[in-house]
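**Q** Got a sequence here, can you model it:
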Amino acid sequence: MNNAVIRYFGTVEDFAPEHWDEALTVNLSAPFHTIRLFVPGMKAKGWGRIVNMASIYSHFATVNRIDYVTTKTALLGLTRAVALELAQTNITCNAICPGTVMTPAIERRMRNEM
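**A** The predicted structure follows:
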């Protein structure tokens, strides 16, 4: 289960390059390397399940979240590619794409954005 995430908020022109690099590392490279390292063991056992935690933002963009939208969209692409590559094995690769859960932090953010 790949569920690590980091995200920053800001416009594309104000987005810090180091935040971009960190988001790519945590949100996309870490799942890739985890999958890459676990697949040989799954193949040896003849079974495996890979689950990537994507997001509704894998399908729809929103403002001021360039890193999150980009990496979650790419994670969905990674999931599709791995699923097809492993289709002839007993290993599956799927993504869960939940929407926003109303929490106090989300409610505050929504009030500030509207």
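**Q** just checking, what's the longest helix in this protein?
**A** The single longest helix within the chain, with elements called by DSSP state H, is helix 66-85.
**Q** how far out from the middle of the chain is that one?
**A** Distance, stretch centre to chain centre, for helix 66-85: 6 Å (C-alpha atoms, centre = their mean, to the nearest Å).
**Q** okay, now the nearest residue to Thr100 once chain neighbours are set aside: neighbour count?
**A** Of all residues not flanking Thr100 in the chain, Ile106 sits nearest, at 5.8 Å (C-beta to C-beta, 6 or more residues apart in numbering). C-beta: built from backbone N, CA, C; applies to glycine. By the criterion of other C-beta atoms under 10 Å, Ile106 has 11 neighbours.
**Q** For this protein, just list every one of the helices.
**A** Using DSSP H, the helices of the chain run over 17-24, 30-45, 66-85, 104-113.
**Q** and those helices, which is most packed in?
**A** Among these, ranked by average contacts under mean count of other C-beta atoms under 10 Å, first place goes to helix 66-85 (a mean of 19).
**Q** which residues sit against it?
**A** Residues from elsewhere that reach helix 66-85, judged by C-beta atoms under 8 Å, 6 or more residues apart in numbering: 2, 5, 7-8, 10-12, 15, 19-20, 23-24, 27-28, 31-32, 35, 50, 52, 54-55, 57-59, 61-62, 92-95, 97.
**Q** Only whichever of those are buried, select them in ChimeraX.
**A** Command for ChimeraX that selects the buried part of the contacts of helix 66-85, burial taken from 16 or more other C-beta atoms under 10 Å:
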select :2,5,7,8,15,19,20,23,24,27,28,31,32,35,50,52,54,55,57,58,93,95,97
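**Q** Which of the contacts of helix 66-85 fall in strands?
**A** If you go by DSSP state E, the contacts of helix 66-85 have Ile50, Asn52, Thr92, Cys93, Asn94, Ala95 in strands.
**Q** and the last one, how far is that from Arg80?
**A** Meaning Ala95. Plainly put, Ala95 is 8 Å away from Arg80 if you go by C-beta to C-beta, to the nearest Å.
**Q** residues touching Leu24, list them.
**A** Contact analysis of Leu24 by C-beta under 8 Å, 6+ apart lists Asp67, Thr71.
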